[in-house]
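> What follows is a predicted structure for the sequence shown.
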Amino acid sequence: GLLYACDVLRHAGHDVELVDLANAGRVSVRPWPADFEYLRRYYHKDLSFFGLFSSYKRMGADADKIDEIIAASGAGLVLVQANFTAYVSEVRAVAEAARRLGKITACGGWAVNSEGESVFADCGCDYMLAGSAESCVSLFADFIEGKIPASEVPGLIFRQAGNIVSNPPHFCPPPDSYPL
């Protein structure tokens, strides 16, 4: 996802800085989101090798560190990955921090691909990109720079005159489908 997007943007001549805020080596247990309270009965302390989910966790940098990183960046565009709808509030926090600093925000990822407009309504980003990042992120950058209209960006979700608009996404074929 993020690495593909960065590579495509670099190849198109854009300056890119990748900051993986989820891989900052920190994990903190958080209160259960109200939307997931019904799942609590399935989660229990399981110390076995297979015990993956026993609580709701936040991985990566805390909010203060995220604000610091965004403020120090010279980027005008902040892309956020939204891979699980339960963490949309985390995406919103990053988007709000970036927008306070005058940055344009966009997110993509599995949550966007599966629940597009409903995630967009809650995520706080200016834009969302559904589909394969490598097929739309360069065109999205061109749109942000005013080179092309929004309608030419596959998978772009945005607001227009107060309404949410979704362009059809493009998904790259699975690697196994390419001839070798």
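Arrived safely, thanks for sending.

> From here on, just use CA atoms for contacts and neighbour counts.
OK.

> Start from the N-terminal end of this protein and give the helices.
Taking DSSP state H as the criterion, the chain carries its helices at 2-11, 63-72, 88-100, 110-123, 133-144.

> Of those, which is nearest Leu39?
Among the helices of the chain, the nearest to Leu39 by CA to CA is helix 88-100 (17.7 Å).

> quick one, that closest one and helix 110-123 angle?
60 degrees (axes from the mean of the first three to the mean of the last three CA atoms, to 10 degrees).

> re earlier: tell me which of the helices of the chain sits nearest to Val80.
helix 88-100 (6.7 Å).

> Please list the residues outside that closest one that contact it.
63, 66-67, 70-71, 78, 80-82, 104-107, 119, 122-125 (CA atoms under 8 Å, 6 or more residues apart in numbering).

> go with 7 Å
Residues from elsewhere that reach helix 88-100 (CA atoms under 7 Å, 6 or more residues apart in numbering): 67, 70, 78, 80, 82, 105, 123-125.

> Let's have the residues you listed in TSV, adding distance to Lys57, neighbour count and pLDDT.
Shown next, in TSV, are these (distance: CA to CA, whole Å; neighbours: other CA atoms under 10 Å; pLDDT from 0 to 100):
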residue	distance to Lys57	neighbour count	pLDDT
Asp67	20	18	84
Ile70	22	19	84
Val78	23	19	86
Val80	18	22	83
Ala82	15	24	78
Thr105	24	21	89
Cys123	19	26	83
Gly124	21	21	86
Cys125	22	25	90
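
> of those, closest to Asn113?
Ala82 (9.4 Å).

> and the closest residue to the closest one other than its chain neighbours, what does it touch?
Nearest non-adjacent residue to Ala82, counting by CA to CA, 6 or more residues apart in numbering: Gly109, 4.9 Å away. By CA under 7 Å, 6+ apart, the residues touching Gly109 are 81-83.
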